[in-house]
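Participant: 3D model of this:
(chains A and B)
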Amino acid sequence: MNTEYSTPGQVPTGPRLITGRFDISDGYTYDGYVRTGGYVALRKALSSMTPKQVHDEVRAAEIQGRGGAGFMAGTKWGFLPADVHPRYLVVNGDESEPGTYKDRLLMELDPHQLIEGIVLASFAVNAAHAFLYVRGEMALAQERLAEAINDAYAHNMAGRNICGSQFSLDITLTWGAGAYIVGEETALIESLEGERGMPRLKPPYFPAVKGLYMQPTIVNNVETLANLPAIINDGGGAFKILGAPTSTGMRMFSVSGHVNRPGVFEVPNGVTTFRMLFEAPEYCGGVRNGGTVKAFIPGGVSAMWFFDEHLDMALDKPTVDKAGSMLGSGAIVAMDQTTDMVAACWRIVRFFARESCGKCTPCREGTTWLEQVLRRILDGQGRPQDIDLLFEISESISPGIAWPPLQTTICPLGPSAVSPIASAVRRFRNEFDHYIAHGRPIDGVDDVLHPEGSRVHV
Amino acid sequence: MSRLNDANITIAKEIIARFPRPKSAMIPLLHLAQEQDGHVSNKAMVHIGELLGVTPADVYGTASFYEMFKFEPIGKYCINICTNISCHLVGSWNLLHHAEDRLGVKAGGTTADGMFTLEDVECIAACTEAPAIQVNYRYRYQVTPANFDQLIDDLRSGRADEEIPPFGTLSRVRQRTSESWSNYGIEAQAIVDER
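Facilitator: Numbers count the residues shown, from 1 in each chain, chains lettered A, B, ... in the order given. Have a look, this model is predicted:
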């Protein structure tokens, strides 16, 4: 059992744009940050650049948002209506998509880099107030960020007339209290207004137009903002060529599940393949026990699953989108040949059933029913018509069960619960049928939910 | 249990002053109440409503959405075992079953001595360190059943007290409102609200 991280900064080769301080013991302090090149970009921007020039560098970098949707950050900033004030920057630090583990590291191990990114972004979009919303369960991240914000104010990197310039910005640290849905940007805004974290309807509530307090608001992910100091230091063009033309820069991926050495890696975006991450000795070093990948999740549990035929695909947004899934939040989960696919599917669906906010009926009712039907199959009580029932319920949440999903709901949470079902049932139908016929998993898979001898056979 | 004490009222007012609208301080104030009492009491919710200018029902309405808020006392240590996919794949159920046996409660339950509450939780963002758990939101990584037993012994004997405060305390560092707080964003919003 460890209290210290064993994996951060397992970044074997190439440049380390935003993870470089992870193994510097005081990299999270103001002194450690400044000693290693911190706040240079901010001084440069405030002393020699206009907000438009900062925005232009971010446009030139073509950085895709790292939160899940992958929308171009420079383009998003451009949606703010001119001359409407006040306007806000909201930082989404509510990392909770299962499998995702990167924003917490950035907040705990390099909080000043994030703060520098926040000030740069606020300068570019001319916001005078930024809100940093950290997931409630992340006590250490909250502690490190509180300390970092206090130090940033003390050194004039936040507050009034930053670095002696005309630009002023307040940063309010706030945090959640346990709700996955708050990672959705309009739900986050509701939560930030002191409400239940339920998503708003888009349109009309596009945050850039009607966001926090109905004012223009940019919501950016932690990793996206953490890249800004590097983009300003070296230029958007230099950032862009680190990755593929269609997926620029460097990007963090967390690879977990049945691999020998799970880890968080910062890799050139759009270039590395899934197979390299799983198998290369400098990354995960192969599937555990010399096994093979039966299925893997390419971008968080909301994504459609991939299989061995996708292993040689590059982690490139358009390529993965076209293949019928997404890179989402950079969460890759490998499942080897011993995985009980019915149990894995159920566990993911239970997550969505628990986390549905309850606003839209198809999601609130549907995810619960999906979970219950899967659970009875797992417990040996499945019925032959249950597979059809699963698809029927899925259809009511996401008509056509396609990718990208259509939805009868306000936000994508409901349709996300359909992804594991569509993936698992279509590919591993035999495993579901076997459960329904025999009340237990097929031979050779781990019956993780039922400890030895506890399964009641029917 | 009680309303916020004087020290916490001061903290609450500082938190409120960092938002353009008081109600935005709702969740931080609920955490403050939970830090004070170990759970969010009715009296505290009434008090928070007074501080924010909303009704107690508004406060409970928001609070009840979020699973970190407890409305009854729970154990001194809340042990959250992640069973989501990355942990599910590498032994979290085995760990959870072991924890249930060791503590003599099912997930969701609190031990009779009031020391431990056990929860089966969703992803806690430690996926490459699976199976991962939290004790009062402090992490333990790659936990085996034997590690779990050791952890329980450490918690019972007070050996982990320095690192792990009682349930309810999150960050032990608070944001201060600096002298160079600019207030421009808040003033601008006040003008908009006025119209």
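Participant: Strands of the chain, start to end?
Facilitator: All of this refers to chain A. With strands called from DSSP state E, chain A shows them at A:88-93, A:129-134, A:170-175, A:217-221, A:250-257, A:263-268, A:293-297, A:331-336.
Participant: meant chain B, my bad for not saying
Facilitator: Counting by DSSP E, chain B has strands at residues B:77-82, B:116-121, B:133-135, B:138-140.
Participant: looking at those strands, which is closest to chain A?
Facilitator: strand B:138-140 (5.4 Å; C-beta to the nearest C-beta). (Glycine included, C-beta is placed from N, CA and C.)
Participant: could you give the mean pLDDT of the closest one?
Facilitator: Average pLDDT, strand B:138-140: 96.
Participant: quick one: contacts of that strand?
Facilitator: A:1-3, A:139-140, B:124, B:126, B:129, B:132-134, B:147, B:151, B:163-164 (C-beta atoms under 8 Å, 6 or more residues apart in numbering or on different chains).
Participant: Pull the number of nearby residues for residue 162.
Facilitator: Using chain A. 26 (other C-beta atoms under 10 Å in any protein chain shown).
Participant: try again with chain B
Facilitator: 7.
Participant: And it, what's its pLDDT?
Facilitator: At residue B:162, pLDDT is 92.
Participant: What of residue B:41?
Facilitator: 98.
Participant: That one and residue B:34 touch, don't they?
Facilitator: No. Applying C-beta atoms under 8 Å as the test, residue B:41 and residue B:34 come out as separate, 9.2 Å apart.
Participant: Any stretches of chain B with poor pLDDT?
Facilitator: For chain B, the stretches with pLDDT under 70 are B:1.
Participant: Now the closest residue to chain A within chain B: closest residue in space that isn't a chain neighbour?
Facilitator: Closest residue of chain B to chain A, C-beta to the nearest C-beta: residue B:185 (2.5 Å). With sequence-adjacent residues excluded and distances taken as C-beta to C-beta, 6 or more residues apart in numbering or on different chains, residue B:185 is closest to residue A:129, at 2.5 Å.
Participant: ok, the one you found - how many residues close by?
Facilitator: Residue A:129, neighbours per other C-beta under 10 Å, totals 28.
Participant: mind checking how far it is from residue A:215?
Facilitator: 10 Å (C-beta to C-beta, to the nearest Å).
Participant: which residues are common contacts for those two?
Facilitator: With C-beta under 8 Å, 6+ apart as the test, residue A:129 and residue A:215 both reach A:86, A:88, B:189.
Participant: and the residue nearest to the spatial centre of chain A, what pLDDT?
Facilitator: With distances taken as C-alpha atoms, centre = their mean, residue A:329 lies nearest the centre of chain A, 2.9 Å away. Per-residue confidence (pLDDT) for residue A:329: 96.
Participant: got a list of what it touches?
Facilitator: A:66-68, A:95, A:97, A:99-100, A:102, A:299-300.
Participant: same check, this time on residue A:224
Facilitator: Taking C-beta under 8 Å, 6+ apart, one finds A:63, A:65-67, A:73, A:117 in contact with residue A:224.
Participant: Residue A:259: which of these is nearest?
Facilitator: Distance to residue A:259 across the contacts of residue A:224 (C-beta to C-beta) is lowest for residue A:66, with 22.0 Å.
Participant: pretty sure that closest one contacts residue A:223?
Facilitator: Yes. Contact criterion C-beta under 8 Å: residue A:66 and residue A:223 qualify, at 3.7 Å.
Participant: Now the common contact residues for those two.
Facilitator: A:102, A:251-252, A:330.
Participant: rewinding a little: give me the subset of the contacts of strand B:138-140 lying in helices.
Facilitator: A:139-140, B:147, B:151 (DSSP state H).
Participant: Just the closest of those residues to residue B:67, please.
Facilitator: residue A:139 (15.6 Å).
Participant: can you count the residues close to that closest one?
Facilitator: Counted with other C-beta under 10 Å, residue A:139 comes out at 22.
Participant: do stretch A:295-310 and chain B meet at all?
Facilitator: Yes. Applying C-beta under 8 Å from any C-beta of the partner chain, one finds stretch A:295-310 in contact with chain B at A:297, A:301.
Participant: what does the stretch 201-350 of chain A have sitting close to chain B?
Facilitator: The stretch 201-350 of chain A comes close to chain B at residues A:213, A:215, A:254-258, A:262-264, A:297, A:301, A:331, A:333, A:335, A:339, A:343-344, A:347-348, as judged by C-beta under 8 Å from any C-beta.
Participant: what does stretch B:86-94 contact?
Facilitator: By C-beta under 8 Å, 6+ apart, stretch B:86-94 touches A:98-99, A:256-258, A:262, A:333, A:335, A:339, A:343-344, A:347, A:448-449, A:451, B:81-83, B:123, B:127-128, B:130-132, B:144-145.
Participant: Neighbours of the nearest residue to residue A:18 once chain neighbours are set aside, how many?
Facilitator: Excluding the flanking residues, the one nearest residue A:18 by C-beta to C-beta, 6+ apart is residue A:226, at 4.6 Å. By the criterion of other C-beta under 10 Å, residue A:226 has 28 neighbours.
Participant: again with residue A:237
Facilitator: Using other C-beta under 10 Å, residue A:237 has 13 neighbouring residues.
Participant: give me every residue that touches it.
Facilitator: Residue A:237 is in contact with A:60-61, counting by C-beta under 8 Å, 6+ apart.
Participant: pretty sure residue A:79 contacts residue A:210?
Facilitator: No. Using C-beta under 8 Å, residue A:79 is not in contact with residue A:210, being 11.6 Å away.
Participant: And these two? Which one has more around it.
Facilitator: residue A:210 (18 against 13).
Participant: check contacts around that one.
Facilitator: By C-beta under 8 Å, 6+ apart, the contact list for residue A:210 reads A:204, A:216.
Participant: Tell me the spacing between it and residue A:189.
Facilitator: For residue A:210 relative to residue A:189 (C-beta to C-beta), the value is 9 Å.
Participant: for residue A:166, same thing?
Facilitator: 29 Å.
Participant: So which of those two has more stuff around it?
Facilitator: Legend: neighbour count by other C-beta under 10 Å for residue A:166 and residue A:189, higher for residue A:189 (27 against 7).
Participant: What is the neighbour count of residue 171?
Facilitator: Just going to use chain A. The number of residues near residue A:171, taken as other C-beta under 10 Å, comes to 26.
Participant: My question was about chain B, not that one.
Facilitator: 22.
Participant: chain center to stretch B:111-123: distance?
Facilitator: 13 Å (C-alpha atoms, centre = their mean, to the nearest Å).
Participant: And chain A, is it touching that?
Facilitator: Yes. Contact of stretch B:111-123 with chain A (C-beta under 8 Å from any C-beta) involves B:122-123.
Participant: Span of that stretch from start to end?
Facilitator: This stretch, stretch B:111-123, spans 24 Å end to end (C-alpha to C-alpha, to the nearest Å).
Participant: list the buried ones in that stretch?
Facilitator: B:111, B:116-123 (16 or more other C-beta atoms under 10 Å in any protein chain shown).
Participant: quick one: contacts of it?
Facilitator: In this structure, residues lying in contact with stretch B:111-123 by C-beta under 8 Å, 6+ apart are A:96-100, A:180, A:351, A:354-355, B:73-87, B:96, B:99-100, B:103-110, B:134, B:152, B:155-156, B:167.
Participant: Ok, stretch B:49-64 next?
Facilitator: A:177, A:194-196, B:4, B:9, B:12-13, B:16, B:22-23, B:25-27, B:29-30, B:40, B:42, B:45-46, B:48, B:69, B:71.
Participant: Repeat the analysis, applying 6 Å as the threshold.
Facilitator: The contact list for stretch B:49-64 (C-beta atoms under 6 Å, 6 or more residues apart in numbering or on different chains) reads A:194-196, B:12, B:22-23, B:26, B:30, B:40, B:45-46, B:48, B:69.
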